[in-house]
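Student: Just to be clear, the model below is a prediction. Sequence and coordinates:
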Amino acid sequence: MKSNNDVKSHYEKAAENRNQRLQTKTPNASRVNHQHRFRIINQLLRKIGPVQNGIDIGTGTGVWAKVLTDNCEKVIGIDFAEQNIKIARSNATENDLSDRFSYTLGDARRLENLSESNFDIATHISVLQHLPDHGQALQRVNDILRKDGYLIILVHNRRCVYDRNLISLGLIPRRLRRKILDNRI
């Protein structure tokens with residue numbers, strides 16, 4: 001497993017590129033993958049219904065926090081990459097949602113300075129696989145969720161059939177295809 005600093009450095013450098021891939025209308029692996037996840041999360045959110053407070057842990061550029069706005073009055077996005085937070089704030093402003101969002105730097109394992117039992121929904125999208133201590137991270141999420149709160153976790157699995165289909169469609173970059181097919185990532 002990569003060190004916390006390696007992961008942080010990767011996300012700091014990749015933030016703008018990732019944001020552009022998700023914002024474009026041109027099909028690409030990131031966009032196709034996110035569209036599939038949007039459908040899953042939206043189905044879950046419809047079943048949950050409207051709530052007061054949501055938190056998107058590992059918010060990245062704010063894509064998943066934006067999804068929460070259909071259900072939540074207020075959404076906090078937390079990420080440890082400063083560049084992600086800057087882009088997330090900019091995206092919220094561009095979408096006239098900045099009054100419903102707040103973004104903050106923080107560690108998904110600690111979730112410091114957050115009130116206990118304050119959140120109705122927490123999302124943990126493609127974050128857990130980067131954390132060395134899943135138990136610590138999930139315990140902390142449990143602490144900040146209300147007793148009847150919901151936690152939505154999605155973990156990316158590059159070995160799944162879904163990614164192999166993306167390869168056959170040519171949507172996975174050539175440099176990653178062999179690694180995925182050989183189960184090296």
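Tutor: Cool, the structure landed. Residues are numbered from 1 along each chain as shown.

Student: By mean pLDDT, flag the weakest helix or strand of the chain.
Tutor: Between all helices and strands in the chain, the lowest mean by mean pLDDT, DSSP states H and E belongs to helix 161-168, at a mean of 48.

Student: Under the pLDDT cut-off, which ranges of the protein? List them.
Tutor: Scanning the chain for pLDDT under 70 picks out 1-34, 156-185.

Student: All the strands of the chain, residue numbers only.
Tutor: Secondary structure of the chain, counting by DSSP state E: strands at 51-57, 72-79, 101-105, 119-125, 145-154.

Student: Can I get the ones you listed in a markdown table including mean neighbour count and distance to residue 94?
Tutor: (Each C-beta comes from the backbone N, C-alpha and C, glycine too.) Compiled in a markdown table, the strands of the chain are given as follows (neighbours: other Cβ atoms under 10 Å; distance: least, Cβ to Cβ, whole Å):
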| stretch | mean neighbour count | distance to residue 94 |
| --- | --- | --- |
| strand 51-57 | 24 | 17 |
| strand 72-79 | 23 | 15 |
| strand 101-105 | 18 | 12 |
| strand 119-125 | 24 | 21 |
| strand 145-154 | 15 | 25 |
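
Student: Would you format the ones you listed as TSV with distance to residue 37 included?
Tutor: Converted to TSV, these look like this (distance: least, Cβ to Cβ, whole Å):
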stretch	distance to residue 37
strand 51-57	13
strand 72-79	16
strand 101-105	20
strand 119-125	7
strand 145-154	6
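
Student: These: which one's closest to residue 41?
Tutor: Smallest distance to residue 41 across the strands of the chain (Cβ to Cβ): 6.2 Å, for strand 145-154.

Student: Partner strands of the closest one, with direction?
Tutor: Strands that pair with strand 145-154, judged by DSSP bridges, come out as strand 119-125 (parallel).
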